[in-house]
Structures are given as structure tokens and as C-alpha cells.
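K.L.:
Here you go, sequence then predicted model.
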Amino acid sequence: MAEQKQPRKLCIIASKGSLDMAYPPLILANGGRMSGIETHIFFTFWGLDIITKKKNKGLNVAVIGNPNMHPMFHIPSIIGVIPFMSAAATWMMNREMAKLDFPPVDEFVQTLVDSGAHLYACKQSVDMFKLKLEDFVDGSKILGVMEFLEIAEGAQIIFV
Amino acid sequence: MAEQKQPRKLCIIASKGSLDMAYPPLILANGGRMSGIETHIFFTFWGLDIITKKKNKGLNVAVIGNPNMHPMFHIPSIIGVIPFMSAAATWMMNREMAKLDFPPVDEFVQTLVDSGAHLYACKQSVDMFKLKLEDFVDGSKILGVMEFLEIAEGAQIIFV
Amino acid sequence: MAEQKQPRKLCIIASKGSLDMAYPPLILANGGRMSGIETHIFFTFWGLDIITKKKNKGLNVAVIGNPNMHPMFHIPSIIGVIPFMSAAATWMMNREMAKLDFPPVDEFVQTLVDSGAHLYACKQSVDMFKLKLEDFVDGSKILGVMEFLEIAEGAQIIFV
């Protein structure tokens, strides 16, 4: 795999869209860029929300309910039995992340683009959710799994 | 770790048994094989369901409830409060994956075996769930954690 | 990335605090140490509970509810609608792990410290949960994300 003296490369796969699991890939990618490591993030399945412009300002902490659940399923809010609690948990998490000087998800994503991290929307997931390139944060590209695996050659792969 | 010119190797650990988290390891493994990469999948904990013949035709999207939950716990269906919604979400996911030309989980697993991917059932999980080799898809092997780590030397490890 | 003949290194990120997802990083780290591999575990987000002395004796299997949920959010027990079932699932899981000769989480962590595995509490998570070094199992260190990435150079990274 790795060839001698190849520069270090980090390939992160972000597959979750809940607020708490959106941060780990962003924090790792940010650390990678600050260390001068070539960094790629591949957003797939529910993780696609993190770079979707209409959604990444409003990611939630699910209090009850499967954190992998997604509006695609049009499930009415059983979770809405406790909308206040979910909102409270989301508010608290956002506050705690801000205290740690982590920006909100949408700004964090922009910072990563500016820092030279490569952001990809998984082509298969894009098709599944019927999205288009313009739905994603500027600087994102759409990329298939095969192309991602090619880029990931010699990289450290981290699946979140 | 990696020796110069060692061929690329992908070692995927599949630990989840919900329908949505069953696909990422299969899709990554498939991409690996299509790129000619030596590919191993180690099914452990709830991920064991993916290669269990009696179960892998019927994986579900959990609407409410912990996606890591498993029939081993004999929990009566609180989740059954909303059996229709879980069934609807599962149906929708199956339909969307089919639209993307991804086969159902059981056929996908067979495709991977045919393509030369190596499938392992984690020995410790097999014992925990009181299963036997014949419970798994043909071509699977039972393998301990230590042996898996040995195979994974020099590989890119992806934990799902 | 990897330099020729560099000894193998395993860097595990433990981000989940539910009982079932606490075991995979411990089991992988244990396998690593038994194979003589240099092993590091970075406990972050909900995974911090695994090395928190007041908590790691009482990790739970969440029956309903998001396994990423955490007492930080002070959510009263909706989950407590079914406290018996969650307790039963937790008891069953603990029993099954014991049958497999895996020690309880707190003893398992101690075994890892004794075996020479390196345990780190993620500095950012430590701050978020307002914890201190003395809250963690003896032998743990507090480490930032950047320092962790430095240690992880040339390692196989596994995110759980």
C-alpha cells in the first residue's frame, strides 16, 4: 500500500447526520489540515446532510429515536412527542461546542473548504436523496465510491 | 507496518445489523473487489446478521429504538408500537437501494463471495449468539479477533 | 505515510458509551497488545465514559433511545418508561461477555493499562464534560486531537 515517503493522507468517511456524530469527522479533518496532512472527507448516507446547504444549519441531537433516521422516510414525529427535549439537547450541544471554540457545523464545513480539505458528496447517496451539486456547500464535488477508493490509496481511512 | 510494494488490502469490520448500516461495508467491499483490491470483511456483534442465512433477507431500518438492538435480548416489541412505520422505512430503503442497482443484502453478500472477498464471522460473536458455521452464508469462515488482526497487518482497516 | 520497517501501530478512537459499543475498542486493543502491537486508545465524546471511574462500572445497553445519548443532556427518563428492559438487556450482555471470558468494562480497561496500551481522554471532550484527570482510570492521560493525530502517524486508525 503506502509507498515510501508518500506524504500522509487522511480519508474520512462521514456517514451519520446527527449533530453529535457530525462533529468527529469535522474535528479530525480540521486537525489533519492544521497538521498539514492532505485531507479528504467523503459524505455518504445520512452524513450527506453535513454538507447540504438547506440542512447543515439545523442538525439535531436525537433524544429518542435512531440517530440514523432521516427525513427521507417521512416518518411523522413520534420523536415529536418530545420535541422540547430534543431541541434542548441540540441547544446544549451547540452551546458546549461553541464553548470549546468549535464553530457551528455550517461554518466548520466552510473553514474546512477554505483550509484546503477536499469534500465529496457520495454519488450513490446523492442519487438516493435526489440531490444535485448545487445543493451542497460550494467547493464540494460529487464522487463515486470507486473514485473515492482510488483517492484513498495509501491513506488512513476513518469511517464515522 | 506496510512493506514496500505489498499489494493493497482492505479489512472491513461490520458491527451493525440495521439495514442502513449493513450497506456501507458491502458497498466498500464491492468497490474494493472491483478495483482488484484484496478485501476482507469481519462480521462481529450485530453485524453478524448480515451473513446469517436466516436473517439477512430481513434486516430492518429501526425507526425508533437503538439500531444496535438485537433479538438476542428478547425485547418484546415496544418498537412494535409502530411496526407499520418501521416496515415502511425498511421498504423504502430497499426500494432506493434497488434503484441504485444495489442488490438486496443477501444477494449482495453472495456477489461478494463470488468476487473473491473473504468473509469472516467473528468467533467470539458466534459463540455469544450460539451460532454455527452452517448458519452463515456459504464461503464464510469463523475467525478469532487475533487471527483477524494478523490478516489485517498492512491493510486499511474500516470499522462500520 | 508508513516508513519501511516501522513497527505496527494501532490507534483506536472510542466515541460511543453504550455497553455494546464499549467492547469493540477494548477487544481490538486487547488483541493488539496480545499480538505485541503498539496500541493507543483515544476516548472521545460519549466514549469518555469507558475510562471515567464513576461511570465505567455501569454502562448500559439502551433498549429504546439513541445510544449516543448521554446524561450530560439531563434528559429525564423517557427511556425510564422501560427501565426494567434496559436493565435486563444490560444484564444479559454483561452475562454473555463474561461467558466469553471478557471481563467487565472497568476491569478490562485496567487489564489494558497493565498490558501497556496507551489510554487517552480527548482534551476537548474532557472540557465539554467538565472532567479532570483524576476522574479517569489511573494510567490515562489527557491528550488533544492534534497530539493524537501526531501519535497516529503511520498507524492503523479504527474509529468506533
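P.N.:
Received the coordinates, thanks. Numbering: from 1, shown residues only, chains lettered A, B, ... in the order given.

K.L.:
Need phi/psi at the residue nearest to A:A152 when sequence neighbours are not counted.
P.N.:
Leaving aside its sequence neighbours, A:A152 sits nearest to A:C11 (C-beta to C-beta, 6 or more residues apart in numbering or on different chains; 4.2 Å). Backbone N, C-alpha and C define where each C-beta goes, glycine included. Dihedral angles of A:C11 (phi, psi; degrees, to the nearest 10) stand at phi -120, psi 110.

K.L.:
give me the number of residues near A:C11?
P.N.:
Applying other C-beta atoms under 10 Å in any protein chain shown, we find 26 other residues in the vicinity of A:C11.

K.L.:
Can you give me every residue that contacts A:V160?
P.N.:
Taking C-beta atoms under 8 Å, 6 or more residues apart in numbering or on different chains, we find A:V160 in contact with A:12-16, A:21, A:24-25, A:28, A:47, C:15, C:159.

K.L.:
what about 10 Å?
P.N.:
By C-beta atoms under 10 Å, 6 or more residues apart in numbering or on different chains, the contact set of A:V160 is A:12-16, A:21-26, A:28, A:41, A:47, B:159-160, C:13, C:15, C:159-160.

K.L.:
any idea how far B:V160 is from it?
P.N.:
10 Å (C-beta to C-beta, to the nearest Å).

K.L.:
Ok, A:G116 next?
P.N.:
Distance of A:G116 to B:V160, given as C-beta to C-beta: 28 Å.

K.L.:
One more: A:A117?
P.N.:
In terms of C-beta to C-beta, A:A117 sits 22 Å off from B:V160.

K.L.:
Select the helix or strand of chain A having the lowest average pLDDT value.
P.N.:
When each helix and strand of chain A is scored by mean pLDDT, DSSP states H and E, helix A:83-99 comes last, with a mean of 80.

K.L.:
Convert that helix to PDB, retaining C-alpha atoms only.
P.N.:
C-alpha atoms of helix A:83-99 as PDB (Å, rounded to 0.1, in the frame of the first residue of the first chain):
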ATOM      1  CA  PRO A  83     -39.700  18.000  20.700                       C
ATOM      2  CA  PHE A  84     -38.700  20.200  23.500                       C
ATOM      3  CA  MET A  85     -36.200  17.700  24.900                       C
ATOM      4  CA  SER A  86     -34.600  17.100  21.500                       C
ATOM      5  CA  ALA A  87     -34.400  20.900  21.000                       C
ATOM      6  CA  ALA A  88     -32.900  21.300  24.400                       C
ATOM      7  CA  ALA A  89     -30.300  18.700  23.900                       C
ATOM      8  CA  THR A  90     -29.400  20.200  20.500                       C
ATOM      9  CA  TRP A  91     -29.200  23.600  22.000                       C
ATOM     10  CA  MET A  92     -27.000  22.300  24.800                       C
ATOM     11  CA  MET A  93     -24.700  20.500  22.400                       C
ATOM     12  CA  ASN A  94     -24.400  23.600  20.200                       C
ATOM     13  CA  ARG A  95     -23.500  25.700  23.300                       C
ATOM     14  CA  GLU A  96     -20.900  23.200  24.500                       C
ATOM     15  CA  MET A  97     -19.200  23.000  21.100                       C
ATOM     16  CA  ALA A  98     -19.100  26.900  20.900                       C
ATOM     17  CA  LYS A  99     -17.500  27.000  24.400                       C
END
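
K.L.:
Buried residues of that helix, list them for me.
P.N.:
A:85-86, A:88-90, A:93-94, A:96-97 (16 or more other C-beta atoms under 10 Å in any protein chain shown).

K.L.:
where do the strands sit along chain A?
P.N.:
Under the criterion DSSP state E, chain A contains strands at A:9-14, A:38-43, A:118-122, A:141-143, A:156-159.

K.L.:
Turn these into CSV, columns for mean pLDDT.
P.N.:
Formatted as CSV, the strands of chain A follow (pLDDT from 0 to 100):
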stretch, mean pLDDT
strand A:9-14, 98
strand A:38-43, 98
strand A:118-122, 98
strand A:141-143, 98
strand A:156-159, 98
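
K.L.:
Serialize those strands to JSON lines and add fields for distance to C:E134.
P.N.:
Converted to JSON lines, these look like this (distance: least, C-beta to C-beta, whole Å):
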{"stretch": "strand A:9-14", "distance to C:E134": "33"}
{"stretch": "strand A:38-43", "distance to C:E134": "35"}
{"stretch": "strand A:118-122", "distance to C:E134": "40"}
{"stretch": "strand A:141-143", "distance to C:E134": "46"}
{"stretch": "strand A:156-159", "distance to C:E134": "30"}
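
K.L.:
so which of these gets nearest C:N60?
P.N.:
strand A:156-159 (24.6 Å; C-beta to C-beta).

K.L.:
Is there contact, residue-wise, from the closest one to chain C?
P.N.:
Yes - residues of strand A:156-159 are located near chain C by C-beta under 10 Å from any C-beta of the partner chain, namely A:156-159.

K.L.:
centroid residue for chain A?
P.N.:
Relative to the mean C-alpha position of chain A, the nearest C-alpha, by C-alpha atoms, centre = their mean, is the one of A:I50, at 4.2 Å.

K.L.:
Pretty sure that one sits against A:P104.
P.N.:
No - with contacts counted by C-beta atoms under 10 Å, A:I50 stays clear of A:P104, the gap being 11.5 Å.

K.L.:
what stretches of chain A score poorly on pLDDT?
P.N.:
Across chain A, residues meeting the criterion (pLDDT under 70) sit at A:1-5, A:62-85.

K.L.:
what do A:I50 and A:P104 both touch?
P.N.:
A:19, A:56, A:59.

K.L.:
For the nearest residue to A:M34 once chain neighbours are set aside, give its distance to chain B.
P.N.:
Leaving aside its chain neighbours, A:M34 sits nearest to C:M146 (6.4 Å; criterion: C-beta to C-beta, 6+ apart). Computed with C-beta to the nearest C-beta, to the nearest Å, the distance linking C:M146 and chain B is 22 Å.

K.L.:
Please apply the same query to A:G58.
P.N.:
In terms of C-beta to the nearest C-beta, A:G58 sits 20 Å off from chain B.

K.L.:
residue contacts, that residue?
P.N.:
A:19, A:49, A:90, A:105-106.

K.L.:
Considering only these, which also neighbour chain C?
P.N.:
A:19, A:90.

K.L.:
can you redo the contacts of A:G58 as a markdown table with distance to chain B?
P.N.:
Formatted as a markdown table, the contacts of A:G58 follow (distance: C-beta to the nearest C-beta, whole Å):
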| residue | distance to chain B |
| --- | --- |
| A:L19 | 17 |
| A:D49 | 14 |
| A:T90 | 18 |
| A:V105 | 21 |
| A:D106 | 24 |
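
K.L.:
Among the contacts of A:G58, which are located in helices?
P.N.:
The helices, defined by DSSP state H, take in A:19, A:90, A:105-106 from those.

K.L.:
Are any of those buried, and if so which?
P.N.:
A:19, A:90, A:105-106.
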